[in-house]
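S.K.: pasted the sequence and its predicted model underneath.
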Amino acid sequence: MNIEQLKNNILNGNCIKELKKIPDKTFDLIFADPPYNLQIGKKLKRPDNSKVNGVKDKWDQFKNFEHYDNFCIDWLSECKRVLKDNGAIWVIGSYHNIFRVGYHIQNIGYWILNDVIWKKNNPMPNFKGTRFTNAHETLIWASKNKNSKYTFNYQSQKCLNDDLQMRSDWTFPICNGKERLKKNGKKVHSTQKPEALLHRIILATTNKDDTILDPFLGTGTTAVVAKKLGRKYFGIEKDKKYFKAAEERINKAKVIEESYLDTLENNRSKPRVPFGSLVELGIIKPGTSIFDQKKKINAKIMADGSIKHSSVEGSIHKVAAKILGAESCNGWTYWYCNVGGSIVPIDNLRQKFLNLQEGST
């Protein structure tokens, strides 16, 4: 398969066989929702003797743990091969399989970054009353290797969480309502994941136009969310019924308007440039006025790169923080200046400095 065939496409086939056809280092991110090997024996019933529609599908049945382990090693190894050097993988599972999967992830050479708990606020109860209600699933997030420069949109996730650092315990309801695919009143897929879960994962760990693989596509949640968020998707699904449901669902999904797909940039992704260097190189001159976005606060630039506002002196960051009464403030985005008649953040001048640096190398 060539690269173009792997963009915005899904295949009906065995994931390991199809993965072997994909060129090395193709994808930026992989989301995998493999069989959990639930080991369900007898039929589950509620106290009123009604039947529980649990996962009893053939695709989730393995002869023994060795059989399951070999299966995991095969697909995880192929996924690692098709990941770009700076790519990452997410794998979701339950207590039945996640510890075995995590063991293989480390042995194969991935580098685990986080385990995330998906806490379900509407879990299926434990009908027999013999165990705690299983109210969560675990996700493992791992980069291709220890040195991978993986994507993590920290600032965007912090904003999503009301300006608090995003934690590793996430609360979402299980897939239900109109989102749950049904045919003749029955669930099309027993373990369909909610779009909200994939929305967070894709926004957090990819950028627009990145390529995302789901080797166990199911009814297409990963591809649907990737499409909506302006990412390229490729999915593999073995079951013909699930594949057709996914195909129909993906075709109906609508891309979010381009102008609404921008997300906050990470401060740490910006190159570290001392403001004084801009003064030294004449990109901005001593005596120049800088001001806040509303032009109500003014400050003057000193020869050493410090700024002065009223009786307050210091760095662009410390003076801005003092004005706001805050412990800290990013002066690069707080202060503005007039460049050729246009009001721009002083942060724009950082690129001028970088261009000069590149020109000298």
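M.R.: That came through, no problem.
S.K.: please report how far Val339 lies from Asp85.
M.R.: 38 Å (C-beta to C-beta, to the nearest Å). Bear in mind the C-beta positions are built from the backbone N, C-alpha and C, glycine included.
S.K.: again, but for Asp24
M.R.: Distance from Asp24 to Asp85, by C-beta to C-beta: 10 Å.
S.K.: the two: which is more packed in?
M.R.: Asp85 (13 against 10; other C-beta atoms under 10 Å).
S.K.: which residues does the helix or strand containing the more buried one contact?
M.R.: Per DSSP states H and E: Asp85 is located in strand 83-93. With contact meaning C-beta atoms under 8 Å, 6 or more residues apart in numbering, strand 83-93 is reached by 25-34, 36, 79-80, 98, 101, 105, 110, 113, 118, 137-145, 148-151, 193, 201, 205.
S.K.: ChimeraX command for the buried members of these?
M.R.: This is how ChimeraX selects the buried members of these, with burial counted by 16 or more other C-beta atoms under 10 Å:
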select :26,27,28,29,30,31,32,33,34,36,79,80,98,101,105,110,113,118,137,138,139,140,141,142,143,144,148,150,151,193,201,205
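S.K.: in helices, which of the contacts of strand 83-93 appear?
M.R.: Among those, DSSP state H puts 79-80, 98, 101, 105, 201, 205 in helices.
S.K.: please report the number of neighbouring residues for Arg180.
M.R.: If we define neighbours as other C-beta under 10 Å, then Arg180 has 14 of them.
S.K.: right, and it touches Lys187 too?
M.R.: Yes - when contacts are counted by C-beta atoms under 8 Å, Arg180 is listed as touching Lys187 (6.5 Å).
S.K.: partners of the strand holding Asp85, with directions?
M.R.: strand 27-32 (parallel), strand 136-143 (antiparallel) (DSSP bridges).
S.K.: distance from the chain centre to the shortest one, please.
M.R.: So the one you mean is strand 27-32. 10 Å (C-alpha atoms, centre = their mean, to the nearest Å).
S.K.: got a list of contacts for that strand?
M.R.: Taking C-beta under 8 Å, 6+ apart as the rule, strand 27-32 contacts 6, 75, 79, 82-84, 86-92, 151, 198, 201-202, 205-207, 210-216, 222, 234.
S.K.: the same query, at a cut-off of 7 Å, please.
M.R.: Strand 27-32 has contacts (C-beta atoms under 7 Å, 6 or more residues apart in numbering) with 79, 82-84, 87-91, 198, 201, 205-206, 210-216, 222.
S.K.: then the last one?
M.R.: The contact list for strand 136-143 (C-beta under 7 Å, 6+ apart) reads 88-94, 98, 101-102, 105, 110-120, 150.
S.K.: can you rerun that using 6 Å?
M.R.: The contact list for strand 136-143 (C-beta atoms under 6 Å, 6 or more residues apart in numbering) reads 88-92, 94, 98, 102, 105, 110-119, 150.
S.K.: which parts of the following helix or strand past it are buried?
M.R.: Downstream of strand 136-143, the next assigned helix or strand under DSSP H and E is helix 154-160. Of all the residues in helix 154-160, those buried under the rule 16+ other C-beta under 10 Å are 154-157, 160.
S.K.: one more: stretch 246-255?
M.R.: 246-247, 249-250.
S.K.: mean confidence (pLDDT) on it, please.
M.R.: Here stretch 246-255 scores 95 as its mean pLDDT.
S.K.: start at 667 instead
M.R.: OK, 667 is where the count begins now, so the last one is stretch 912-921.
S.K.: list of residues touching it?
M.R.: Taking C-beta under 6 Å, 6+ apart as the rule, stretch 912-921 contacts 883, 885-886, 889-890, 893-894.
S.K.: pick the one among these closest to Glu684.
M.R.: Leu883 (10.8 Å; C-beta to C-beta).
S.K.: can you show me the helices along this protein?
M.R.: Going by DSSP H, the chain shows helices at 681-685, 731-748, 764-774, 820-826, 861-871, 887-894, 906-918, 941-946, 982-990, 997-1000, 1013-1025.
S.K.: and these, which one averages the lowest pLDDT?
M.R.: Among these, helix 1013-1025 scores lowest, with a mean of 75.
S.K.: still on that earlier bit, go through the buried residues of helix 820-826 and name the one nearest Asp928.
M.R.: Out of the buried residues of helix 820-826, the member with the shortest distance to Asp928 (by C-beta to C-beta) is Ser822, at 9.6 Å.
S.K.: pretty sure that closest one is touching Asn932, no?
M.R.: No - when contacts are counted by C-beta atoms under 6 Å, Ser822 is not listed as touching Asn932 (7.9 Å).
S.K.: so what's Tyr1002 up against?
M.R.: Counting by C-beta under 6 Å, 6+ apart, Tyr1002 has contacts 957, 959, 1009, 1011.
S.K.: in ChimeraX, how would I select the buried members of those?
M.R.: Selection of buried members from these for ChimeraX, criterion 16+ other C-beta under 10 Å:
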select :957,1011
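S.K.: closest one of the contacts of Tyr1002 to Ile676?
M.R.: Pro1011 (42.3 Å).
S.K.: tell me the pLDDT at the closest one?
M.R.: 92.
S.K.: how close does it get to Gln823?
M.R.: 23 Å.
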